[in-house]
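Trainee: No letters, just coordinates:
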């Protein structure tokens, strides 16, 4: 005989962010941290750079990866 089953899956992603909006927020490098030098000018053919001093090396990423979400799955199994 053959068996037929239905399986329901319910998965939470980033559950900590569901509890508190400050939890589970992904941090990404700020633009100043990834690009610390800026070419400002040339003096007698020699490049002169400025160092971009920043206090914030990381900033919160407010994309979907920092938000809580769930996914619902349904499987139909047969043998």
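Mentor: In hand now; what should we look at? All values reported here derive from a predicted model rather than from experimental measurement. Numbers count the residues shown, from 1 in each chain.
Trainee: Going by C-alpha atoms from here, please, whenever you check contacts or count neighbours.
Mentor: Will do.
Trainee: For residue 67, the count of nearby residues, please.
Mentor: 20 (other C-alpha atoms under 10 Å).
Trainee: pretty sure it contacts residue 14?
Mentor: Yes. At 6.7 Å, residue 67 and residue 14 qualify as touching, with contact defined as C-alpha atoms under 8 Å.
Trainee: Please enumerate the shared neighbours of these two.
Mentor: Taking C-alpha atoms under 8 Å, 6 or more residues apart in numbering as the contact rule, residue 67 and residue 14 both touch residue 24.
Trainee: quick one: pLDDT of residue 33?
Mentor: The model reports residue 33 with a pLDDT of 82.
Trainee: Not counting its neighbours along the chain, what's nearest it?
Mentor: Nearest non-adjacent residue to residue 33, counting by C-alpha to C-alpha, 6 or more residues apart in numbering: residue 57, 5.2 Å away.
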